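# when you get a sec, could you give me coordinates for this:
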Amino acid sequence: MAIKMETIAVFEQFDVRKVELMPIPELNKASVLVPLFVRNGKLHTLMTLRSKQLRTSGGEVCFPGGKKDPSDKDEVETALREAQEEIGVLPGDVRVICALHPIMSKNNLLVTPVVGFIEESFRPSPNPAEVSAVFTVPLDVFAFNKDHFDDLAAVHAAMPTFAVDYVDPDTGAKYHIWGLTAIIAFIVAAIAQKTKPDFDINVEELQVMLTRHLHQRLSKL
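From the prediction side, this is the model:
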């Protein structure tokens, strides 16, 4: 319980719902849920492998989530609705603790990561039309490490690109986690674990990079 409460307190400092973001034009929006839980005294998260039949990001590792529906009142509701549709978690069973800075995807979607706690006992019921696998990853897998960067030289030039290969010890399945999903996972891990990376960058600098990257992408639309 102490780990959970400490994590909640840390994430509350990064909740964008409590600050005024820069004006953003009307864009297609999406949200993902980053479900956290404590197992054996360590923070873990659930991730999904998208069905190969999907036209967008088929066969890629993602957090549960999707595009905002006109009926969704906000980004949190989008994340909870999509997570229920994809892995069967009920909105009332998620303790939302934070909405992080939105990130522009490669498809020009403005994606908001929503962080919340679920029970360790939760057992997903994946929707086979959208999800081919659901797996658990210890959050410390995403500890900052130079080997996790696709292009370390670009760290201070633009948005750094992360990637990590993970083998599920329960099934032996191998997953390549990269792109937007990896960026979100590394930011969440850095905030949760208050990690100091082994090179000159920290969570606050990543937030600045996200803002700068968003400005740059918006200027090209």
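# sketch out the low-pLDDT regions of this structure for me.
By pLDDT under 70, the low-scoring segments of the chain are 19-26, 55, 57-58, 144-160, 194-221.
# which one's the longest strand in it?
Secondary structure of the chain read by DSSP state E shows that its longest strand is strand 29-39.
# and that strand, what does it pack against?
The helices and strands touching strand 29-39, judged by 3 or more C-beta pairs under 8 Å, 6 or more residues apart in numbering; DSSP states H and E, are helix 2-11, strand 42-50, strand 65-67, helix 75-87, strand 110-117, helix 179-193. Placement of C-beta: from N, CA and C, glycine included.
# may I see these organised as a markdown table, with mean neighbour count and distance to residue 31 added?
What follows is the helices and strands packed on strand 29-39, written out as a markdown table (neighbours: other C-beta atoms under 10 Å; distance: least, C-beta to C-beta, whole Å):
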| stretch | mean neighbour count | distance to residue 31 |
| --- | --- | --- |
| helix 2-11 | 14 | 16 |
| strand 42-50 | 20 | 14 |
| strand 65-67 | 20 | 5 |
| helix 75-87 | 23 | 4 |
| strand 110-117 | 24 | 5 |
| helix 179-193 | 22 | 11 |
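# make a markdown table from the ones you listed and add distance to residue 133 to it.
What follows is the helices and strands packed on strand 29-39, written out as a markdown table (distance: least, C-beta to C-beta, whole Å):
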| stretch | distance to residue 133 |
| --- | --- |
| helix 2-11 | 26 |
| strand 42-50 | 4 |
| strand 65-67 | 16 |
| helix 75-87 | 10 |
| strand 110-117 | 21 |
| helix 179-193 | 14 |
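# any idea how far stretch 2-19 is from the chain center?
15 Å (C-alpha atoms, centre = their mean, to the nearest Å).
# residues contacting it, please?
With contact meaning C-beta atoms under 8 Å, 6 or more residues apart in numbering, stretch 2-19 is reached by 36, 38, 41-43, 95, 97-102, 112, 115, 117, 191-192, 194, 203, 207.
# one more time with 10 Å
Stretch 2-19 is contacted from outside by 34, 36-38, 41-43, 74-76, 95-102, 112-117, 139, 187-188, 191-194, 203-204, 207, using C-beta atoms under 10 Å, 6 or more residues apart in numbering.
# pull that stretch out as PDB, backbone CA atoms only.
Extracted C-alpha coordinates of stretch 2-19, given in PDB (Å, rounded to 0.1, in the frame of the first residue of the first chain):
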ATOM      1  CA  ALA A   2       2.900   2.400   0.700                       C
ATOM      2  CA  ILE A   3       4.200   2.000  -2.800                       C
ATOM      3  CA  LYS A   4       0.800   2.700  -4.300                       C
ATOM      4  CA  MET A   5       0.200   5.800  -2.100                       C
ATOM      5  CA  GLU A   6       3.700   7.200  -2.800                       C
ATOM      6  CA  THR A   7       3.200   6.700  -6.500                       C
ATOM      7  CA  ILE A   8      -0.200   8.500  -6.500                       C
ATOM      8  CA  ALA A   9       1.400  11.400  -4.700                       C
ATOM      9  CA  VAL A  10       4.200  11.700  -7.200                       C
ATOM     10  CA  PHE A  11       1.900  11.500 -10.300                       C
ATOM     11  CA  GLU A  12      -0.400  14.200  -8.900                       C
ATOM     12  CA  GLN A  13       2.500  16.600  -9.500                       C
ATOM     13  CA  PHE A  14       2.400  15.900 -13.200                       C
ATOM     14  CA  ASP A  15      -1.400  16.000 -13.800                       C
ATOM     15  CA  VAL A  16      -2.100  18.300 -16.700                       C
ATOM     16  CA  ARG A  17      -5.700  18.600 -15.600                       C
ATOM     17  CA  LYS A  18      -4.400  20.900 -12.900                       C
ATOM     18  CA  VAL A  19      -2.500  23.300 -15.300                       C
END
